[in-house]
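*Asks:* Got a sequence here, can you build the structure:
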Amino acid sequence: GLDDDDAPPPADPASSRPAAAEPSGVFSPSLRRCYLVRRRCAASNGDDDFALYDDSTLALLCAARGQKASSSFKLYSAAGSFGRHEPQYLGELASTIGGSRFVLRDWGLDDLPAACLPALRRRIRAAVTYKANVLGRVPNTMRVALLDVGAKRPLRFRTRKARWNDKLQMWTLEFQARVKHASKKNFQLLPDHDPHAQVILLFGKVSKNRFSLDFAPPFAPATALAVALTTFANKLVAA
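*Replies:* Modelled structure (predicted):
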């Protein structure tokens with residue numbers, strides 16, 4: 001089911017708390033500043049609706065509905081009607097039973113008739129894998145793969161490691177003042193296997209139902225949203 005989220009402070013020591021400022025070179029200069037709003041959908045048994053907006057223009061970039069019973073999310077290019085056959089439908093993010101792996105599939109067809117174009121076949125666009133962290137004594141870590149149509153290899157990303165702060169007795173991570181509260185949802189992504197990599201996506205809690213979600217290419221609004229949505233699903237293998 002969906003995670004009802006975050007109890008008020010004091011925060012869990014395994015949460016990532018915003019830390020003191022670091023040099024701006026840690027972050028990609030191409031980061032697009034956006035914010036995610038979560039709303040409880042009373043008409044659908046407590047499912048959650050999500051909307052991603054551009055921070056400067058306030059334009060809606062994409063939306064999603066989380067299904068409480070299955071920890072799956074349907075993504076749309078606009079808010080409103082949420083259905084598999086709506087013209088705004090972009091794809092679905094679904095998890096394994098244990099919640100350790102999430103896969104984003106696009107709007108294509110699973111059972112493609114022989115006469116149809118191959119381009120209409122449903123494809124995997126992204127995958128997110130969580131490392132086992134049952135006790136929750138450290139922040140959750142994940143690996144992300146983006147799969148572009150026509151690309152020979154997936155693009156791979158990993159979470160940036162938080163630092164332990166002895167004074168605060170918490171794990172901390174710098175978010176350029178984009179995050180206000182400690183949360184196990186807070187994370188940043190770096191390109192994998194690159195010692196000089198810059199943060200290419202950051203996600204963190206601003207208030208109970210508002211979160212910063214900043215991203216740079218190759219992440220698009222839908223793929224960035226999909227990765228962030230995994231933090232709202234209950235995961236047996238991660239705290």
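
*Asks:* switch to C-alpha atoms for all contacts and neighbour counts from now on
*Replies:* Will do.

*Asks:* Thought residue 91 was touching residue 77, still the case?
*Replies:* No - counting by CA atoms under 8 Å, residue 77 does not reach residue 91; the two are 9.8 Å apart.

*Asks:* What residues sit buried inside stretch 207-214?
*Replies:* 210, 211, 212, 213, 214 (16 or more other CA atoms under 10 Å).

*Asks:* Enumerate every residue touching the third one.
*Replies:* Right, residue 212. Applying CA atoms under 8 Å, 6 or more residues apart in numbering, one finds that residue 212 lies in contact with 33, 34, 35, 36, 178, 179, 202, 203, 204, 205, 206.

*Asks:* buried ones in stretch 190-199?
*Replies:* Those would be 190, 191, 192, 198, 199, for stretch 190-199 by 16+ other CA under 10 Å.

*Asks:* So residue 58: helix, strand or coil?
*Replies:* Secondary structure for residue 58, judged by DSSP: H, G, I helix; E, B strand; the rest coil, is coil.

*Asks:* how many neighbours does it have?
*Replies:* Residue neighbour count, defined by other CA atoms under 10 Å, stands at 11 for residue 58.

*Asks:* Are any of the contacts of residue 212 buried, and if so which?
*Replies:* Looks like those have 33, 34, 35, 36, 178, 179, 202, 203, 204, 205, 206 buried, using 16+ other CA under 10 Å.

*Asks:* Within the helices and strands, which one has the residue nearest to residue 98 when sequence neighbours are not counted?
*Replies:* Excluding its sequence neighbours, the residue lying closest to residue 98 (CA to CA, 6 or more residues apart in numbering) is residue 236, at 5.1 Å. Counting by DSSP states H and E, no helix or strand carries residue 236.

*Asks:* any idea how far residue 236 lies from residue 220?
*Replies:* Residue 236 sits 28 Å away from residue 220, going by CA to CA, to the nearest Å.

*Asks:* Name the SS class of the residue nearest to the spatial centre of the chain, please.
*Replies:* Geometric centre of the chain, nearest residue: residue 228, 1.2 Å, by CA atoms, centre = their mean. Following three-state DSSP, the label given to residue 228 is helix.
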